[in-house]
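Undergrad: Got a predicted model here, sequence first, then my questions.
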Amino acid sequence: MQNIHFPVTFEFNISTLANDFTAKDSSGKTIAYVRQKMFKLKEDISVYNDDTKSRLNYKIKADKWLDFSTAYSFFNTDDREFGKVVRKGWKSLWNVHYEIINQHQKQQYVINEENPWVKVLDSLFGEIPILGMFTGYLFNPTYLVKNPQGKTVVKLKKLKSFFGKNFEVTKVGELDNDDDDRVMLALMMFVLLERRRG
């Protein structure tokens, strides 16, 4: 997924039992099809070149059964780990906090919510009968990927949609040369986890 043309859209498939979505670049070209294996004790995600699943590009695997402070490692086609995203348990209770780690086990970026109250309201209204069906149009959280200097380099926004099935990734700063894949895979795993939590 090098040389990605932003913005990238994640569109979840609501007609299947699997937790899966397609990632498309600004031209509408599919750059990845992401599928989470169901009924697994540990998260096991496959990232294919497209929805035909003709070529497996990456795997994302969890290191624990529970995901309270789990690391999700990225593997290439040679089964070599080249980074991970880690959910920081207690920090994530109020404001989502994930760390993107490189192949040398060094933290490169963090993912946080721009405004935690939007997520709280989204979750609260989601529990109200009938009204909860429309939260996808009312509350749309934005998440920021920041570098070690605290500058935002990428934004992930939940787009207005009936089932909350669309997200948009926008590049707003500079990424290091080999970080496109790591950041994009981290956001793919992040969306699978946070969408499930509401």
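TA: Looks like it arrived, so ask away. Numbering: from 1, shown residues only.
Undergrad: Contact partners for Leu185?
TA: Contact analysis of Leu185 by Cβ atoms under 8 Å, 6 or more residues apart in numbering lists Val47, Tyr58, Ile60, Phe74, Gly83, Val85. Bear in mind the C-beta positions are built from the backbone N, C-alpha and C, glycine included.
Undergrad: can you confirm it is in a helix?
TA: Yes: assigned with DSSP: H, G, I helix; E, B strand; the rest coil, Leu185 falls within a helix.
Undergrad: isn't Thr151 right up against Val145?
TA: Just so we're on the same page, residue 151 is Lys rather than Thr. No: in this structure Lys151 lies outside contact range of Val145 using Cβ atoms under 8 Å: 10.0 Å.
Undergrad: Near the closest residue to Ser54 other than its chain neighbours, how many other residues are there?
TA: Spatial nearest neighbour of Ser54, excluding adjacent residues (Cβ to Cβ, 6 or more residues apart in numbering): Tyr48 at 7.3 Å. Using other Cβ atoms under 10 Å, Tyr48 has 19 neighbouring residues.
Undergrad: pLDDT score assigned to Tyr48?
TA: We note a pLDDT of 97 for Tyr48 in this prediction.
Undergrad: One more: Tyr72?
TA: In this model, Tyr72 is scored at 93, pLDDT.
Undergrad: same deal with Lys160?
TA: For Lys160, the pLDDT comes out at 78.
Undergrad: ok, Lys151 and Val145, which is more surrounded?
TA: Neighbours per residue (other Cβ under 10 Å) separate Lys151 from Val145, with Val145 holding more: 27 against 12.
Undergrad: For that one, which non-adjacent residue is spatially closest?
TA: Val154 is the one closest to Val145 (Cβ to Cβ, 6+ apart), at 4.0 Å.
Undergrad: Name the helix or strand for that neighbour, please.
TA: Assigned by DSSP states H and E, Val154 falls within strand 152-158.
Undergrad: quick one: contacts for the residue nearest to Ser54?
TA: Tyr48 touches Ala32, Tyr33, Val34, Arg35, Ser54, Arg55, Leu56, Asn57, counting by Cβ under 8 Å, 6+ apart.
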